[in-house]
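**Q** Provide a 3D model corresponding to the input given below.
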Amino acid sequence: MNQSPDKGGCEVNGLGYLRGAALGAMAMFLVDGAEAASVEIRFPGEYSSTLPAGIANLEFQKIVQEKSNGEIEVKLFFDGSLYKGTDLLQAVLRGDVEMSTLISPYWPAISPRLYIFELPYAFPTIDVFRKATEDPDFLKEAYAEVEQKGGVVLGVLPNEYLVPGTKGPIRSHEDFKGLRLRSLGTVNLEILRNWGATPVSLTFTEILPAIQQGLIEGMNVPIEVYANLKLYETLKEVNYATYSATFFPWIVNKQWWDGLSEEHRQIIQEAVRTVNANQWDRIKKIKEDTMATLKSNGVNLHIQTPEEAKEWRASAQPIWDKYKDIVGPGLIEKLQSFQ
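**A** Prediction:
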């Protein structure tokens with residue numbers, strides 16, 4: 001399939017609209033006659049503008065600036081140019097920046113109960129994932145400690161599963177044994193170690209150099225990353241397994257948020273809801289287009305069967321047992337009610 005170059009990797013066929021959306025959204029805010037912004041949102045991200053989360057942030061920027069008639073200015077910073085990993089979360093909590101979306105595995109560092117989202121097969125299907133992350137009571141209970149520490153979660157931006165990509169096939173959890181794999185977050189690290197792999201903690205920006213230098217033999221990342229970074233040139237086996245769902249909570253600094261007018265808060269909150277709703281269709285299309293691109297570039301793409309998923313889930317039961325008390329039985333019961 002046709003590909004076009006990008007500074008962060010490549011764009012797969014069917015995702016070419018991402019470049020247009022990104023460039024168009026960044027350009028349109030030089031609006032003639034717009035009033036000077038009275039509210040500034042500094043919004044750093046760890047990902048590029050051409051990945052799904054980046055496109056969602058650009059859509060958010062467009063909606064907020066249009067709906068506020070330029071009174072709110074959203075300044076986006078991509079590719080980890082300001083902060084990365086948990087430093088990004090801490091920057092929001094301190095008020096060094098106003099807002100961000102950071103991928104879910106980093107969050108338990110500031111609230112251990114959020115390990116609930118990282119448990120293996122916590123969200124075995126997209127439908128379960130959506131029901132849980134759109135339930136306001138569940139989210140309020142899960143993120144209560146974040147608010148106590150100075151942040152407010154406005155919603156959850158959906159993303160794809162972290163799926164393993166390697167040079168050799170992985171069908172059984174036993175196939176992980178002996179592999180050096182990129183991990184993301186404490187529980188993901190423990191999942192891989194439980195299956196016999198040697199996990200290596202890397203931020204998103206460190207992935208490509210690590211695979212090029214042979215520091216790792218594979219990884220688990222959202223499926224579109226294999227195309228975006230041209231990882232299919234090295235990793236010819238990808239298993240679409242649903243053991244690790246990922247998403248990007250929208251966090252704002254609480255003191256800043258409380259200081260906004262009700263009108264501005266409503267504009268921002270509605271923009272989050274709109275972008276989240278659109279993201280479900282976006283990630284579905286990107287997954288389908290990415291799968292086609294991987295296959296056309298010689299990748300053996302395996303879709304995990306229900307029987308395989310059941311085996312993998314059973315083998316990871318010790319992780320559920322370990323985190324039950326940390327998360328709290330009540331929150332786990334609520335999670336299981338969505339399944």
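
**Q** can you pull the contacts of Pro44?
**A** Leu76, Phe77, Gly80, Ser81, Leu82, Tyr83, Leu88, Ala91, Val97, Ser100 (CB atoms under 8 Å, 6 or more residues apart in numbering). C-betas here are computed from N, CA, C, even on glycine.

**Q** Kindly provide the distance from it to Gln269.
**A** Distance from Pro44 to Gln269, counting by CB to CB, to the nearest Å: 20 Å.

**Q** now do Ser104
**A** The gap separating Ser104 from Gln269 is 20 Å, by CB to CB.

**Q** The two: which is more packed in?
**A** Ser104 (23 against 15; other CB atoms under 10 Å).

**Q** tell me the contacts of that one?
**A** When contacts are taken as CB under 8 Å, 6+ apart, Ser104 is in contact with Leu114, Phe117, Glu118, Gly185, Ala245, Thr246, Phe247, Phe248, Pro249.

**Q** Tell me the one of these nearest Asn220?
**A** Closest approach to Asn220 among these (CB to CB): Thr246, at 9.7 Å.

**Q** The closest one: how many residues sit nearby?
**A** Neighbours of Thr246 under the rule other CB under 10 Å: 23.

**Q** I'd like the average pLDDT over the one helix or strand it maps to.
**A** Secondary structure here is read from DSSP states H and E; on that basis Thr246 sits in strand 245-253. Mean pLDDT, taken over the full extent of strand 245-253, equals 96.

**Q** same check, this time on stretch 321-336
**A** Here the average pLDDT along stretch 321-336 is 93.

**Q** Ok, stretch 282-301 next?
**A** 96.

**Q** tell me which residues of that stretch are tucked away?
**A** Burial within stretch 282-301, assessed by neighbour count using 16 or more other CB atoms under 10 Å, is assigned to 282-283, 286-287, 289-294, 297, 299, 301.

**Q** And for stretch 160-177?
**A** Buried residues in stretch 160-177, counting neighbours by 16+ other CB under 10 Å, are found at Glu160, Tyr161, Leu162, Val163, Pro164, Gly165, Thr166, Ile170, His173, Asp175, Phe176.

**Q** what is the fifth one paired to in the beta sheet?
**A** Same thing as Pro164. The residues listed as beta-bridge partners of Pro164 by DSSP bridges are Asn220.

**Q** Identify the residues contacting it.
**A** Residues counted as contacts of Pro164 (CB under 8 Å, 6+ apart) are Ile170, Phe176, Leu181, Gly218, Met219, Asn220, Val238, Asn239, Ala241.

**Q** Identify the farthest-apart pair in those residues.
**A** Of all pairs drawn from the contacts of Pro164, the one with the largest separation by CB to CB is Phe176 and Val238; the distance is 14.2 Å.
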